[in-house]
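S.K.: Generate coordinates for the sequence data below:
(one chain, ligands or ions: 1)
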Amino acid sequence: MTKKRTRTESFEVLLEIVDENFIRPPRDSQRNSILNRALREFEYDLEALNRLAGRFVCGKPRKFFSEDRTQVVLADVDIMEDWQLPVMNQMVKAVTENPGDILEIGFGHGISSRMIQKRNVRSHIIVECNDSVVERFNRWRAECKDKRIELVHGLWQETVGSLGLFDGILFHTYPLNEEEYIKYVHQGITFAEHFFATAAQHLKKGGIFTYFSNEIDSLSREHQRSLFRHFSHISTSIINLEIPESVEDSWWADSMVIVKAYK
Ligand SMILES: C[S@@+](CC[C@H](N)C(=O)[O-])C[C@H]1O[C@@H](n2cnc3c(N)ncnc32)[C@H](O)[C@@H]1O
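M.R.: Below is the predicted model:
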């Protein structure tokens, strides 16, 4: 058995590798070096999380999704809270870096859609599954008749396949039921990960994908590796947020990483 240990004043981590063929490069020294690095990174990550946790607000306990939310008429605050506006603004700037053909998944209040329109894009397709939100879209659409805006009514999972290629894709949806929450939020690295492959398939070369990252101050290695499976390079920046003490959403930190993933 291989044992590695790291200890600080606050915690101790003991790594016991029971399979001697696990992480087995040609030389023992190489194995030693990468295991030491992994442990050091874990220690560093815990120290960073300790500092970040001190900046969290309390928020509210999460609501259990007892019903499917595809068609539920949600209160405005359940669709999106005001503290997210700067995030939308930065995501829109990211996705319209090449203001050509834009695909947006999830209309919600239409805040990001309005921002996208202000960036003079060539065309704008929005996929939205909720009938009441589609009515909201139709009211907005009537105000901007001369624009190339099209709504695809349905789940992205059932509609996006026929939509072709885009210069930019913005993904901002939420779990539609408890199963999606457990699988993609609780057990996943970021909710949007289940859309990464689809986004890459529908981007032109050099096109940009952005999404609500749910990362506070950096992207985890797991998150980066998942992006690099589908995209050629990524760029990240951090946005500071005024997060209310009584935030409804499952987000408590006062910053978020904005991601641009390039095809
Ligand atoms: C958080 S809101 C989007 C907010 C929007 N960015 C804004 O600025 O107002 C998410 C939207 O995604 C829609 N949605 C959720 N899951 C979806 C899915 N699988 N396919 C299509 N739309 C979905 C919801 O109905 C909701 O309108």
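
S.K.: Given the helix or strand where Ile125 lies, what are its sheet partners and their directions?
M.R.: Per DSSP states H and E, Ile125 falls inside strand 123-128. Note on strand 123-128: by DSSP bridges, its sheet partners are strand 101-105 (parallel), strand 149-153 (parallel).

S.K.: Now look at that strand and say if it contacts the ligand.
M.R.: Yes: interface with the ligand: strand 123-128 contributes 127-128 (Cβ under 6 Å from any ligand atom). Every C-beta, even on glycine, is put in place using the N, C-alpha and C of the backbone.

S.K.: what's that strand in contact with?
M.R.: Residues outside strand 123-128 that contact it (Cβ atoms under 8 Å, 6 or more residues apart in numbering): 100-107, 113, 116-117, 134, 137, 147-156, 159-160, 163, 166.

S.K.: before we move on, back to that, what about the strands paired with strand 123-128, which gets the closest to Leu176?
M.R.: strand 101-105 (12.6 Å; Cβ to Cβ).

S.K.: what's that closest one in contact with?
M.R.: 95-96, 112-113, 116, 121-127, 156, 160, 163, 165-173, 195, 202.

S.K.: Just those: which are in helices?
M.R.: Using DSSP state H, the subset of the contacts of strand 101-105 located in helices is 95, 112-113, 116, 156.

S.K.: Dump those to a markdown table, plus neighbour count, pLDDT and distance to the ligand.
M.R.: Shown next, in a markdown table, are the ones in helices among the contacts of strand 101-105 (neighbours: other Cβ atoms under 10 Å; pLDDT from 0 to 100; distance: Cβ to the nearest ligand atom, whole Å):
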| residue | neighbour count | pLDDT | distance to the ligand |
| --- | --- | --- | --- |
| Val95 | 29 | 98 | 11 |
| Ser112 | 24 | 98 | 4 |
| Ser113 | 25 | 98 | 7 |
| Ile116 | 24 | 97 | 9 |
| Trp156 | 19 | 98 | 4 |
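
S.K.: So Gln224: helix, strand or coil?
M.R.: helix (DSSP: H, G, I helix; E, B strand; the rest coil).

S.K.: Which element, helix or strand, includes Arg40?
M.R.: Assigned by DSSP H and E, Arg40 falls in helix 28-53.

S.K.: Show me which residues of that helix are buried.
M.R.: Across helix 28-53, burial judged by 16 or more other Cβ atoms under 10 Å covers 31, 35, 39, 43.

S.K.: do the same with stretch 117-127
M.R.: 117, 121, 124-127.

S.K.: same check, this time on stretch 65-73
M.R.: 65, 69.

S.K.: do that stretch and the ligand meet at all?
M.R.: No: contact between stretch 65-73 and the ligand is absent, the nearest approach being 7.1 Å (criterion: Cβ under 6 Å from any ligand atom).
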